[in-house]
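# Next one to model:
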Amino acid sequence: MKSYVLHEGGLSDFDIYEDGFISVRQDKLLFYDKDSLKVIQETQLDNPAFSICVNPNNTKVFTTGGRQIDNFSEISMTTSQYIMYVGEKILDIKYHKNGNFLGIAAEEDTLNIWRSSNQRVSKCRPGHEGFVIGSQFDPLERYVASAGCDGFVNLYQLSETPHLLKKLQISKYCSPDGPQRLKMAWHPSGEYLCLPGKPNLQYVMTEDDPQDLETCFQVNHDTDICIVEWLNDYLILTCSLDGVVKIWHFKSFVDISIYQKYSIGASPLQVRLQDKNIYILDIKGRVTQLQWEEIIERHKEKALMDLVNKRVKKQQQSPKYSNYEEIEDQVQIQQEIHQPELKESEIMQDMVRAGEIQEQSDQRRYMSFNHVGTIVQCPKTEILEFEFFDTNFYKKFKLQNPKHFTIGTMNYKGCVLASRGPNDINKYGYQEGSGISTLFYYQFGGDSDSLEIEMPNDEGIDLVAIGGEWFAALTDQGTIKVFGFDGMEQATLQINRPFVAMTGFEQFLLMVYHDSEPLFENQILKMRIYDVDRLKFTHEADVSLSLHKKLNWIGFSEEGMVLSQDSAGCVRIYIFEEERWQEVLNEKKLWVYGMSDYQIQAIKQDEDQQITPNQKLTFISVKMEVYKLSSQAELFELDSKIAERKIIFQHEVYRWKYFGHHYHARQGVDDVLARYTRNMLSEDQLFSLQEEIRLFKIELFTELMKVSIERGIEYFKNSLTNDIEMVMAIKLLESRQGQNKEIQTVVQKLKILQRQRMIRINYLKEPTLVLTQRPISPKNKGFGLAKTIQYSEPPQEVQQKKQKQQIQPITHQSIKKDTQNEDINNPFQNSGQKEFQSIFDIKKRAEYGSQSINNKKKL
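Alright, predicted model coming up:
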């Protein structure tokens, strides 16, 4: 990118004339040498000129416009051809691509069209509510468009007497002296007119009659687009008022990708094209030169790869064809093609296959590495090696790889492998595999046969995943196909976004994809989870990443928790109940491959180290750490313990909700996937964990009260989330108050806060983590956890429900002092009360009129 300052203080207009730049500034016409940027000739004008344009049909003829239009054939301007007198200041002149028409925009409300064939001028009426600032001709000579200061574009039929066909508002009002010039552009085919005016590109279909205005959200800027220009039939340039220039690869209005991005530092006024160069004039009088040859070369690269694919297919069909040298030469050429220089963070990240070393080579490499084991690909011997961390589960074995499988994953049930397909060429220019993408399922044990599924000829596989009773493949057509272990297709999913990752666990299929192009150098990724059993999407969330970083790994733990690692080394878990990501580890020198028993499984590695099957690996288990900020180490430790245990408790409740049916279905059955459910916390363990969280909270509350009474009150109000915890805290203070009036005042404040909290809970129905007793099954008492989350209710309402349902809920009213049934750490054992009671039980009141208020159910 090069910049030239043609004139200090800005220019009116410029164009490319022969081998230099020609520009006008008020009463001067300047001609610059393109190489030295020196003024070769300067001509004094009789009248000020504000616009200039070179005739595309005869590049030695240029036209100027001040208040009249003249044609000149030389820089000295000794001879001229008078076209017309306008009388008003001319703002823009524009030729049709064949030079037959000239559009003249002036400080008046109508566009003037001059025809070279008969030297006549036509006016486009009705006009605008303000000045006309630009025009554009349909390449097929059917229509002409005018842009006005009123923010409208008028479409007229290009005839001797133009008549209005469509009036479209594309922008708000813009000043004729401002930087917004509303430079529009027709596609070379004439099928659509692309319009500026807003941060997103706008367009009108004009293949037949002009249609309504539409918006292309894929083409976007931070500020309003002011210039649109087609470089050819598949590359479009857009400029915005903040000086950002973007070049897009256009296939359709729903398939557009950015190729290059520049910043010229000032609002652009005019764009001119010559050969493979783009010249942009800005409001500071600078001309910036961009080259788009490299973009064309990128298309050449694609064309070469297509040629290679075609010739390889021809070689497979005809054994006599063996001209590999030409193919190798062409592949070498496309590898040497210059790629555009973009920041790594500005490029949409490629696909990530969890546990795969994606560096392709002739050496042994990990195709899959997870908490079950590893799959190692040996390209030279065409063998796949399977090894398991639990040798009691399955022994190490090998499989032949004649299909050239390069993608794979596994769980305790089996593995799914895939070859990339017809669109993949290795570094030697030869097609990998048999030319047809193949999906292969192999079960490690049992009587099930292996399955082999061939994709259609033009469809390759990019990602694979495996779950409890299914496996899935993402094809390069953007389709996810889900198969059962019987080989029958269960579901077909289509998400029109570029995919990044895909993994599975039990009935969950997790997919990560780009929700948009990178914004402010940050990847915009979204996660969705599809429930294969219910045949519907159940979860959707943004993927949290560190600033300017990419996703390195994402997967499920053995407990079904989603965790990820980005390129900064930050490990996060997704808390389903709170719908948020929580950072639990930040260590760049760890390569995460899973989580088991809520401990992160990883391998130590140097930052530049490439993990290979031939090296000795250092395995470690890291306890997740919830990072909290605290001014005191003791408070920090207590707060972290509470947060960690709360995460485990919430996820265990979530496991019973979504995976509990697997637990009961696998009881008494020899199922290898019982490893995923065997460590689910029982009801007693959940209550013990909940009680442990409460005790830690009360301990932290006590420590905060020692530090500051105000901090303790705030902690009581914000962190003690249910009646049991609040009663425990109040009773603790009551046992210590004695004659201390300050503590008595604090206790009264806490009781008021407790009342307000309970009213809010019952009014808003906020969920609290209180489990009820399991319902009685007619065949098996105590079948599962029926409701894992209930709402905390006033005590008397609970008492009435007890009488109706004959079920004793496990709440704070049912926890009695009788230590023969249950011995818990109860701070109220000496309180003399038989049951926990809320402080706002309402007593009987007197009658008022005919109404008797005996028991008020709700506060």
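
# Read off the pLDDT value for residue 330.
According to the model's per-residue confidence, residue 330 sits at a pLDDT of 54.

# try residue 134
Reading off the per-residue confidence, residue 134 sits at a pLDDT of 93.

# and it, helix, strand or coil?
The three-state label given to residue 134 by DSSP: H, G, I helix; E, B strand; the rest coil is strand.

# Now do the same contact list for it.
The neighbours of residue 134, taking C-beta atoms under 8 Å, 6 or more residues apart in numbering as the test, are 91-92, 94, 105, 146-147, 181-184. Any C-beta I mention is one placed from the backbone N, CA and C, and that applies to glycine too.

# And residue 168, by the same measure?
Shown in contact with residue 168 (C-beta under 8 Å, 6+ apart): 152-155, 195, 204, 213.

# can you tell me the helix or strand for it?
Element membership of residue 168, judged by DSSP states H and E, is strand 164-169.

# mean confidence score for that strand?
Within the predicted structure, the mean pLDDT of strand 164-169 is 93.

# re earlier: out of the contacts of residue 134, list just those in strands.
91-92, 94, 105, 146-147 (DSSP state E).

# These, buried ones only, as a ChimeraX selection?
The buried residues among the ones in strands among the contacts of residue 134 can be selected in ChimeraX (16 or more other C-beta atoms under 10 Å) with this line:
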select :91,92,94,105,146,147
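
# Compile the ones in strands among the contacts of residue 134 into TSV and extend it with columns for distance to residue 122 and pLDDT.
As requested, these are exported to TSV (distance: C-beta to C-beta, whole Å; pLDDT from 0 to 100):
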residue	distance to residue 122	pLDDT
91	18	88
92	17	90
94	15	91
105	14	92
146	12	95
147	18	95
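
# Name the next helix or strand following the longest strand seen in the chain along the chain.
As assigned by DSSP E, the longest strand anywhere in the chain is strand 20-33. The first helix or strand that comes after strand 20-33 along the chain, using DSSP H and E, is strand 39-49.

# Now tell me what touches whichever helix or strand comes after that next one from outside.
From strand 39-49 onward toward the C-terminus, using DSSP H and E, the following helix or strand is strand 51-54. Residues outside strand 51-54 that contact it (C-beta under 8 Å, 6+ apart) are 12-17, 22-24, 29, 61-65, 90-95, 102.

# partners of strand 51-54 in the sheet?
Listed by DSSP bridges, the sheet partners of strand 51-54 and their directions read strand 62-65 (antiparallel).

# Please export the C-alpha coordinates of the strand it pairs with as PDB.
Output in PDB follows, covering the C-alpha atoms of strand 62-65 (Å, rounded to 0.1, in the frame of the first residue of the first chain):
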ATOM      1  CA  PHE A  62     -11.200  14.000 -20.500                       C
ATOM      2  CA  THR A  63     -14.200  16.000 -19.300                       C
ATOM      3  CA  THR A  64     -14.200  18.800 -16.800                       C
ATOM      4  CA  GLY A  65     -17.100  20.400 -15.000                       C
END
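
# Tell me how far it lies from the chain's centre.
A distance of 49 Å separates the C-alpha centroid of strand 62-65 from that of its chain, computed with C-alpha atoms, centre = their mean, to the nearest Å.

# what does that strand rub up against?
Contacts with strand 62-65, where a contact means C-beta under 8 Å, 6+ apart, come from 15, 17, 22, 24, 29, 45, 49-55, 69-72, 83, 86, 90, 93, 95, 102, 104, 106.

# and residue 196, what does it touch?
170-171, 180, 182-184, 202, 224-228, 238.

# again but with residue 243, I slipped
Counting by C-beta under 8 Å, 6+ apart, residue 243 touches 263-268, 282.

# Distance-wise, check residue 244 relative to residue 416.
Distance, residue 244 to residue 416, using C-beta to C-beta, to the nearest Å: 44 Å.

# With residue 600 instead?
Between residue 600 and residue 416 the computed distance is 25 Å (C-beta to C-beta).

# helix, strand or coil for residue 733?
Three-state assignment for residue 733 (three-state DSSP): helix.

# what's the answer for the one 10 residues further on, then?
Residue 743 falls in the helix class when you classify it by three-state DSSP.

# That one touches residue 735, doesn't it?
No - using C-beta atoms under 8 Å, residue 743 makes no contact with residue 735, being 10.2 Å away.

# When the two are compared, which one has more neighbours?
Ranked by neighbour count (other C-beta atoms under 10 Å), residue 743 and residue 735 place residue 743 first, with 16 against 12.

# can you pull the pLDDT of that one?
We note a pLDDT of 84 for residue 743 in this prediction.

# Also residue 677?
pLDDT, the model's per-residue confidence, is 88 for residue 677.

# Ok, residue 114 next?
90.

# Please shift the residue numbers so they start at 18 in all later answers.
All set: I'll call the first residue 18, so the last point we hit is now residue 131.

# re earlier: return the set of buried residues in the strand holding residue 185.
Of the residues in strand 181-186, those buried by neighbour count under the rule 16+ other C-beta under 10 Å are 183, 185.

# Using CSV, write out every CA atom in that strand.
Backbone C-alpha positions of strand 181-186 (Å, rounded to 0.1, in the frame of the first residue of the first chain) are rendered in CSV as follows:
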residue,chain,number,x,y,z
LEU,A,181,-38.9,7.0,-12.4
LEU,A,182,-39.1,3.3,-11.6
LYS,A,183,-38.1,3.0,-7.9
LYS,A,184,-37.2,5.4,-5.1
LEU,A,185,-35.1,3.9,-2.3
GLN,A,186,-33.9,5.4,0.9
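
# Strand partners (parallel or antiparallel) of that strand?
With DSSP bridges as the test, strand 181-186 is paired with strand 169-174 (antiparallel).

# What residues sit buried inside the partner strand?
Buried residues in strand 169-174, defined by neighbour count with 16+ other C-beta under 10 Å: 169-174.

# Residue 659 should be in a strand, yeah?
No - in this structure, residue 659 is helix, not part of a strand, as judged by three-state DSSP.

# How about the contacts made by it?
For residue 659, the residues meeting the contact criterion (C-beta under 8 Å, 6+ apart) are 710, 713-714, 717.

# Among those, name the ones in strands.
The members of the contacts of residue 659 all map outside strands under DSSP E.

# would TSV of these with distance to residue 414, pLDDT and neighbour count be doable?
Output for the contacts of residue 659, formatted as TSV (distance: C-beta to C-beta, whole Å; pLDDT from 0 to 100; neighbours: other C-beta atoms under 10 Å):
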residue	distance to residue 414	pLDDT	neighbour count
710	45	91	20
713	47	91	19
714	51	91	23
717	52	90	22
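
# Closest to residue 609 out of those?
residue 710 (26.9 Å; C-beta to C-beta).

# how about the closest residue to the closest one other than its chain neighbours, secondary structure?
Taking C-beta to C-beta, 6 or more residues apart in numbering as the measure, residue 710 lies nearest to residue 662, with 5.1 Å between them; neighbours along the chain are not counted. Look at residue 662: counting by three-state DSSP, its state is helix.

# This completes my enquiry, with thanks.
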